[in-house]
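**Q** Below: sequence and its predicted model.
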Amino acid sequence: MENKTFVGLFKKVAISVWPILVASLVVDQLLTAQFEKTLSSPEGIGAQIWFLGLASILNSLIFPVIIYLLCFHALFNLKSQNFARQLNQTLIETVRSWGSILLWGLFLLLPGIFRMYELMFVPFVVNLSSAYDNNQADAFKLSTEFARKYIWRLSGILFLFQVVFPLLLTATLDQYRNFLKHPLSATALSSIDLLLTLSSVFILSRIFVRWLKEKHDLIQAG
């Protein structure tokens, strides 16, 4: 049975997602500060830059995937015993999608950006599609099909949550969101990031699930 309201989602996952989100933000800011320190070092760029790059990639991969899974489980009452398997499979498919995006982006910037948009819904496919769960569909194909069908609606939602709102926060509250300088205010303001993250997942999930139901492809809840 689905939880149909944003309030229901918030009550179920806020207390677990918030520390994960804060951890991701802290790691990102620590890595950014270390990047800047390394790049300005008189000794030049050393091997440390590769470690920082790898750490940044892992941070951008692991934390968002965990947040997606927690939201999906709360919204659609997925089987909790499958969490580890779903996490592993979502990570694998996300890494695959990054490789595809990189290949497209090597030729031209715009195709790379469009490919990134097409594959943004791979985590939704992995966790909510019964066809994918039964090895009857490819995650890339389903994500692309969904992205192209609702291109204008999804583009507008993504632009709002990933461009407009972040820019507004940066322009107005950026100095108070620095955990290294203002840990208390940054922790408090991370609640805004939490609301935006959960709101975007909730809205996109509703559209995706409606599409799956039309295809009779929604995975069964636990």
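**A** Done, it's in. Residues are numbered from 1 along each chain as shown.
**Q** so where do the helices sit in the chain?
**A** Assignment of helices within the chain using DSSP state H yields the ranges 6-39, 48-76, 83-107, 109-118, 122-128, 130-133, 139-149, 151-159, 165-173, 183-214.
**Q** Output the ones you listed in TSV, with mean pLDDT and mean neighbour count appended to each entry.
**A** C-beta here means a position set from N, CA and C on the backbone, and glycine is covered the same way. Below are the helices of the chain laid out as TSV (pLDDT from 0 to 100; neighbours: other C-beta atoms under 10 Å):
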stretch	mean pLDDT	mean neighbour count
helix 6-39	90	16
helix 48-76	91	17
helix 83-107	92	15
helix 109-118	91	16
helix 122-128	95	25
helix 130-133	92	18
helix 139-149	96	18
helix 151-159	96	13
helix 165-173	93	12
helix 183-214	94	17
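**Q** My read is that V122 contacts A139, right?
**A** Yes - using C-beta atoms under 8 Å, V122 is in contact with A139, at 4.9 Å.
**Q** intersection of neighbour lists for those two?
**A** Counting by C-beta atoms under 8 Å, 6 or more residues apart in numbering, the residues touching both V122 and A139 are E93, R96, S97.
**Q** ok, the first one - contacts?
**A** Under the criterion of C-beta under 8 Å, 6+ apart, the contact list for E93 reads V122, P123, V125, V126, A139.
**Q** Now do the contacts for L218.
**A** L128, S129, S130, V209, L212.
**Q** Go again with 7 Å.
**A** Neighbour list for L218: L128, S130, V209, L212 [criterion: C-beta atoms under 7 Å, 6 or more residues apart in numbering].
**Q** need those residues in a markdown table with distance to Y176, can you?
**A** A markdown table is the format used below for those (distance: C-beta to C-beta, whole Å):
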| residue | distance to Y176 |
| --- | --- |
| L128 | 37 |
| S130 | 45 |
| V209 | 36 |
| L212 | 40 |
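**Q** Which residues are in contact with Q34?
**A** Residues counted as contacts of Q34 (C-beta under 7 Å, 6+ apart) are L52.
**Q** State the phi and psi torsions of the nearest residue to S143 once chain neighbours are set aside.
**A** If the residues on either side of it in the chain are set aside, S143 comes closest to F121, at 4.2 Å by C-beta to C-beta, 6 or more residues apart in numbering. Note on F121: backbone dihedrals following degrees, to the nearest 10 are phi -100, psi 10.
**Q** For the remainder of this discussion, apply numbering that starts at 26.
**A** Sounds good: first residue 26 from here, last item F146.
**Q** My guess is F146 contacts E170. True?
**A** No - judged on C-beta atoms under 7 Å, F146 makes no contact with E170 at a distance of 9.5 Å.
**Q** Disregarding residues adjacent in the polypeptide, which is nearest to the residue nearest to the spatial centre of the chain?
**A** Nearest to the geometric centre of the chain sits P89, at 4.1 Å (C-alpha atoms, centre = their mean). Distances taken as C-beta to C-beta, 6+ apart place S49 nearest to P89, at 7.5 Å, with adjacent residues excluded.
**Q** Much appreciated, bye for now.
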